[in-house]
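Engineer: give the three-dimensional model of this entry:
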Amino acid sequence: MSYTHLHLHTEYSMLDGANKIKNLIQRLKELGMSSVSMTDHGNMFGAIEFYKSMKAEGIKPIIGMEAYVHNYEELNSKEGKQRFHLCLYAKNEVGYKNLMFLSSMAFIEGFYYYPRISKKLLREHSEGLVASSACLGGEVNFHLNTSERNKKRGAKGIEMAKEVALEYRDIFGEDFYLEIMRHGINHQENIDDLIIRISQETGIKLIATNDAHYISQKDHKMQEVVQTLGQGKTLNDPNRLKHTVFEFYVKSSEEMERIFADIPEALRNTQEIVEKCNLEIELKDEKTNPPTPPTFIFTKEYAKLEGQEIDNDADFFAYKSRQGLEEYLKIIPQEKHQIYRDRLEEEIRIITQMKFPGYMLIVWDFIHFAKSQNIPVGPGRGSAAGSLVAFCLKITDIDPMKYNLLFERFLNPERVSMPDIDTDFCQRRRGEVIEYMIQKYGKYNVAQVITFGKLLAKNAIRDVARVLDMPLKDADAFAKLIPNQLGIKLEDAHALEPKIEEFMNQNPKARDVWEYALQLEGLNRNAGKHAAAIVLDSEKELWHKTPLCTVGKSDDSLVTQYSMKYLEPVDLIKFDFLGLKTLTVVHDALELIKKRYGKEIDFLSVDVDDKKVYETIQSGDTLGIFQIESSMFQGLNKRIKPSNFEDIIAIIALGRPGPMESGMVDDFINRKHGLEEITYMFDALEPILKPTYGTIVYQEQVMQIVQTIGGFSLGGADLVRRAMGKKIKEEMERLKSDFATGAEKNGFDRAKAEDLWELIVKFAGYGFNKSHSAAYAMITFQTAYLKTYYKEEFMAALLSSESGKIESVAKYINEVKKMDMDFMSPHVNISEKNFGVANFEHEGMGIKKIIFGLSAIKGVGDEPIQNIISVREKGGDFKSLEDFISRVDFSKITKRVLEPLIKSGGLDGLGYSRACMLKNLDAICEAGRRKDKAKESMAQGLFGGLEDEVEQNVRFDFSNFEEFPLRDLLDLEFECLGIYVSGHPLEEYRESIEGLQGFVPSVSLGEVEEDSYCLIAGKVSEITRKMSKSNKPYGYVNLLDLYGKIEIMFFEKQLLELEKFDLEQPIVLKCKIERDDEGYQVRIIKILTLKEAQEEKIDVGYKKDSALLEGEMDSCCPLVLHLDHNAPKDIFDSLAQSIERNKGNRELRIIIKDKYETYMFITEKKVDSAITQECADLEWSSWK
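Structural biologist: Below you'll find the predicted structure:
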């Protein structure tokens, strides 16, 4: 008889079960088993993957769950942590739906340490379910085990177990079974007879199971590693939970028959459950059985508001689309109206025919809501920008006909596929749109989508190394040997990197780490929430299609238990709500502009061909500009020199590794600038390729070429584009022949058409979705416009968006300095919560300064900030320290808040030095508390209404003494803000540091090529010392340079070496840059003084896609030219001409040193790095 495992944990029993589904299938086939169940702990995460995989291999899947059950009256009871195990199996569709509901409610209502259900709920939803008493954690076994261990309770425990068994039979009838397991555990064996006895006395049938957590017996150690990882412990930890036997694997039928030879009926009853469970799930498939489009909740009220009599969503959809077009046509030339109307009607026809009006209206509705609430929404994303309907419904903000975008790229009438509209919202307010959906459709009808973090190559090495107690240094070195390739497998890494084998030969423990990591690789590690995706069902609660859950201890938002891949098969279509930080930046900048100038900017009416905006982009000065701020894009912008909106669209498409490596970019640039002739294989290609200077850049161009030359419909051309991506040889040969034949019919030369086909195939792999590129180019233009015309407001908004990220703030502060803008530390009389802009008078001139927000001060939270601002708005600026203390609320402005306010300069100018205020901090706080107490007494007593008088009575009689030295003030500023604002302690060393050959600023380390050497120079600000588990010291050193801060790991030898240096002086680290999945790592080779470092000569290697490859450090370093003081005067004329010819974005400093003095001049005009080549042979000079 073939046995069926009914108690089995897949990898979805996370960090406990180690049965990968694909490995399980292989094992079942080896054992000749034709059915199997999954019973993961408290969840159904893997149910559809399990079902589909088993069905595909001809194995009968039984969907189950090992539930946690409690006896408390209320489902959400917090009376205790009681959770008894109970295995549940779906017999049919009714049972499956009940199982999904129970699993959902366990998370939604019953979660208390674990997802739990009550017996009351179980009784109400038991139809269609089979249940078994589970393992030693089951309630029946709990009482038997207790009676066995506590002989005084013996009879009582057996009776209680019997009562529980009868209670479950009352709930499930003949579908409840007593489960018996034999793993060789002492107390399990002791209760065997008692379970059999209860079975005999109650007539409840026995089933024989094995609690299978891993595939085969040899995997027991691997599963032990998994469990230990889940506990956050090491194998050497005596306090970890562990199995004492190794029997929890997928046993053969023969093994099970041998183990249960004395009770063969238990094996037969197991098969009885298999025969009872005949669940068939109708799974959707895009090709043969597409998902049902979601329904929009349409009411006649929508139409009545428009003065229309419409009674269905399809007609309302068509009406709103036409209404939107007619509004837009008011600004379109009359001769184009019919072209627009014809395209709109064709799109309406196709969308209606494919039954997607409801989908489009759902998107229209939530975007309409967002815009009505002033929640910033992106201009579009992905292929939806190719739809005129989407534009007319104001789902997107880009006219697809103006930029030759294709509807068929969005929705292909010749291929059944779901529409996929992704929407960007302001990062800060995205949650409001999701909340709107929940309110509109129902709490249980909308959910976000689960994701599963997996043990991938490098992380698997690190996690296993931690469990096996490998020293941190060795674990780090081992993980770094894995090549930095996306999705690389450990076996492939071993083949690519011979050092892995060398490392294992030198380190015996590494071999064990490797072997376990190989087995664990790909296992689920944890559950999370997808960054964007939500699903909805407007007609029924989601648990009719997917069970729900919550993830995260403090997050009660609902999440599907099925991951993205398995939602469409259960008839759910996802919507992506993305939080885009740049939309928040643009919104905040516009608010600052409105506040300061009373001006509202409508980007839909701004000229997208504004010359000054393009000059900004051409200069490479694009830090902070959406999509094109990286150093790679800065270099690309300079080379392409975009002059119109189409060029921005192209830059976004071209700035990717594929096009950069293919030669497309060089062709594009050379043709744009007339260095290469623009030619077309056929004249008919000119209208298609003219915007990109004869180069195939977009997927849409591929489709249009296939349509125009090969005679395909646009729908058919989209299928060709998809086929090119798959590169199936036979299919490609067939399509090539069809294309050539179609070209011949259209009057084109067949041989040339075949050559064109090969060209298309070559570039199709690099082609980008123009619709997406065009939509994002709108945001690129908007941010470039703001940086060009409202630089202070834009940079303030940008800095606010990065608040709390010290490195990013430092990077943008450097940009502010480079743009010759002033800024100042936070102050209680000027600062708002976030970064802002203020006007100041200086020598009769008005200047604007960027002001730090109060939220930038470490230790100053929302409540004190709100109090300071509201008091200031009510009573005006604070005139003195006494005035400040008198007016603010000292239940909010505590000593912990006041101290960083003083240190950061937030109370400067109120009558006392920072040194004085810090010296008298306790007295100041005491005065504030006394004032609050007096006000409270007056408010409650006879003098109610006079409590404001107390504000006049705070007086200080401090002797105001001399301020701290500048160096100390800077250190205080850094302590509270994380960066230096009003100066920098390394300023006096700037020339020496930036003159080092091989010097790289902290903000540019990410651009350095892997395994390259460089110099990092700065001042040690903090050393954190630690001890490894092998009792060896190591630590983290925070090194501040002129541009930011970097944290570097130091090992024992390096820490000892560091102690020899004067840490009040700058140090220089000779480093090697290494890379892993998380970015770059700095490995220290040598520690040097600044003087010693001047003897080092290092040629830094930069990443191939980096603008710094050409020596450009536009966002960081100035160029420094040293001139001999004896140089003739005419050298300055030559230099001036070179500066004029090499305009760029880098500051040029000229240093002249004579016998007694050193003079530094900063040129008014900024230059390009190319000046160093042009002036390389200039006499009397040298470049640094």
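Engineer: counting by contacts, list what the helix or strand harbouring residue 754 packs against.
Structural biologist: In the assignment (DSSP states H and E), residue 754 maps to helix 750-764. Packed against helix 750-764 by the contact rule (3 or more C-beta pairs under 8 Å, 6 or more residues apart in numbering; DSSP states H and E) you find helix 699-710, helix 714-726, helix 729-745. Any C-beta I mention is one placed from the backbone N, CA and C, and that applies to glycine too.
Engineer: which of the ones you listed has the lowest average pLDDT?
Structural biologist: Among the helices and strands packed on helix 750-764, helix 714-726 carries the lowest mean pLDDT, at a mean of 87.
Engineer: what is it packed up against?
Structural biologist: Helix 714-726 is packed against helix 699-710, helix 729-745, helix 750-764, with contacts defined by 3+ C-beta pairs under 8 Å, 6+ apart.
Engineer: so what touches the last one?
Structural biologist: Around helix 750-764, the neighbours that count as contacts under C-beta atoms under 8 Å, 6 or more residues apart in numbering are 662, 664, 681-682, 695-697, 699, 702, 705-706, 709-710, 721, 724-725, 732, 736, 739-741, 743-744.
Engineer: taking helix 699-710 as reference, get the angle to the helix or strand following that helix.
Structural biologist: Toward the C-terminal end, the helix or strand that comes next after helix 750-764 (DSSP H and E) is helix 770-789. Helix 770-789 and helix 699-710 are oriented at 130 degrees to each other (axes from the mean of the first three to the mean of the last three C-alpha atoms, to 10 degrees).
Engineer: now helix 770-789, how far from the centre of its chain.
Structural biologist: Relative to its chain's centre, helix 770-789 lies at 22 Å (C-alpha atoms, centre = their mean, to the nearest Å).
Engineer: what's the average pLDDT for that helix?
Structural biologist: In this model, helix 770-789 has a mean pLDDT of 97.
Engineer: same deal with stretch 887-902?
Structural biologist: On average, stretch 887-902 scores 94.
Engineer: tell me which residues of it come out buried.
Structural biologist: Buried residues in stretch 887-902, counted by 16 or more other C-beta atoms under 10 Å: 887-890, 893, 897-902.
Engineer: could you do stretch 222-231 as well?
Structural biologist: Neighbour-count burial for stretch 222-231 [16+ other C-beta under 10 Å]: 222-230.
Engineer: centroid-nearest residue for this structure?
Structural biologist: residue 531 (6.3 Å; C-alpha atoms, centre = their mean).
Engineer: assumed it was part of a strand.
Structural biologist: Yes. Counting by DSSP: H, G, I helix; E, B strand; the rest coil, residue 531 is part of a strand.
Engineer: how about it: what's its closest non-neighbour residue?
Structural biologist: residue 578 (7.1 Å; C-beta to C-beta, 6 or more residues apart in numbering).
Engineer: so the one you found, which of the three states?
Structural biologist: Here residue 578 is recorded as strand under three-state DSSP.
Engineer: give me the beta-bridge partners of it?
Structural biologist: Beta bridges link residue 578 to residue 424 when assigned by DSSP bridges.
Engineer: circling back: which one of the helices and strands packed on helix 750-764 lies nearest to residue 584?
Structural biologist: helix 699-710 (30.0 Å; C-beta to C-beta).
Engineer: ok, residues contacting that closest one?
Structural biologist: 386, 404-406, 408-409, 682, 684-685, 688-689, 692, 696, 712-714, 716-718, 720-721, 724, 738-740, 742-743, 746, 748, 753, 756, 760, 763-764, 767-771.
Engineer: residues near residue 741, how many?
Structural biologist: By other C-beta atoms under 10 Å, the residues close to residue 741 number 14.
Engineer: what's the answer for the one 3 residues further on, then?
Structural biologist: Each residue near residue 744 was counted by other C-beta under 10 Å, and the total is 15.
Engineer: adjust the sequence numbering to begin at 34 for everything that follows.
Structural biologist: Sure, I'll start numbering at 34, so the last one becomes residue 777.
Engineer: for the nearest residue to residue 710 once chain neighbours are set aside, what are its contacts?
Structural biologist: Leaving aside its chain neighbours, residue 710 sits nearest to residue 704 (7.6 Å; criterion: C-beta to C-beta, 6+ apart). When contacts are counted by C-beta under 8 Å, 6+ apart, residue 704 touches 710-711, 726-728.
Engineer: any idea how far residue 756 is from residue 704?
Structural biologist: Noted for residue 704: a distance of 29 Å to residue 756, by C-beta to C-beta, to the nearest Å.
Engineer: equivalent analysis for residue 460, please.
Structural biologist: Look at residue 460 and residue 756: by C-beta to C-beta, they are 38 Å apart.
Engineer: so which of those two has more stuff around it?
Structural biologist: residue 460 (18 against 15).
Engineer: mind listing the helices in the stretch 434-583 of the chain by residue range?
Structural biologist: Using DSSP state H, counting those that start in this stretch, the helices of the stretch 434-583 of the chain run over 463-474, 490-500, 505-513, 523-529, 532-539, 541-553.
Engineer: mind checking which of those is nearest residue 951?
Structural biologist: helix 505-513 (39.0 Å).
Engineer: and the closest one, what does it pack against?
Structural biologist: Counting contacts by 3+ C-beta pairs under 8 Å, 6+ apart, helix 505-513 is packed against helix 490-500, helix 541-553, strand 1100-1109.
Engineer: what's the most buried one of these?
Structural biologist: Of the helices and strands packed on helix 505-513, the one with the most neighbours on average (mean count of other C-beta atoms under 10 Å) is helix 490-500, at a mean of 24.
Engineer: please find the angle between the direction vectors of it and strand 1100-1109.
Structural biologist: Orientation check (the same axes, to 10 degrees): helix 490-500 against strand 1100-1109 gives 110 degrees.
Engineer: grab the CA positions of helix 490-500 and hand them over as CSV.
Structural biologist: Output of helix 490-500 as CSV, limited to C-alpha atoms (Å, rounded to 0.1, in the frame of the first residue of the first chain):
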residue,chain,number,x,y,z
ALA,A,490,23.9,33.1,-1.9
LYS,A,491,25.7,35.7,0.2
ASN,A,492,23.1,35.8,2.9
ALA,A,493,23.0,32.1,3.1
ILE,A,494,26.8,32.1,3.7
ARG,A,495,26.5,34.8,6.4
ASP,A,496,23.6,33.2,8.2
VAL,A,497,25.0,29.8,8.3
ALA,A,498,28.4,31.1,9.3
ARG,A,499,26.7,32.9,12.2
VAL,A,500,25.0,29.7,13.3
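Engineer: what does that helix rub up against?
Structural biologist: With C-beta under 8 Å, 6+ apart as the test, helix 490-500 has contacts from 258, 261-262, 266-268, 488, 507-509, 511-512, 515, 521-523, 526, 546-547, 549-550, 553-554, 558, 1109-1110.
Engineer: mean confidence for that helix?
Structural biologist: pLDDT averaged over helix 490-500 gives 93.
Engineer: now stretch 1119-1127
Structural biologist: 89.
Engineer: what's the span of it, first residue to last?
Structural biologist: Start-to-end span of stretch 1119-1127 (C-alpha to C-alpha, to the nearest Å) is 14 Å.
Engineer: enumerate the positions of it that are buried.
Structural biologist: Across stretch 1119-1127, burial judged by 16+ other C-beta under 10 Å covers 1120-1121, 1126.
Engineer: among those, name the ones in strands.
Structural biologist: Counting by DSSP state E, the buried residues of stretch 1119-1127 place 1120-1121 in strands.
Engineer: turn the buried residues of stretch 1119-1127 into TSV, including distance to residue 408.
Structural biologist: TSV is the format used below for the buried residues of stretch 1119-1127 (distance: C-beta to C-beta, whole Å):
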residue	distance to residue 408
1120	51
1121	53
1126	52
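Engineer: shaky segments in the stretch 284-433 of the chain?
Structural biologist: For the stretch 284-433 of the chain, residues meeting the criterion pLDDT under 70 lie at 333-339.
Engineer: residue boundaries of the strands in it?
Structural biologist: Here the stretch 284-433 of the chain has no strands by DSSP state E, counting those that start in this stretch.
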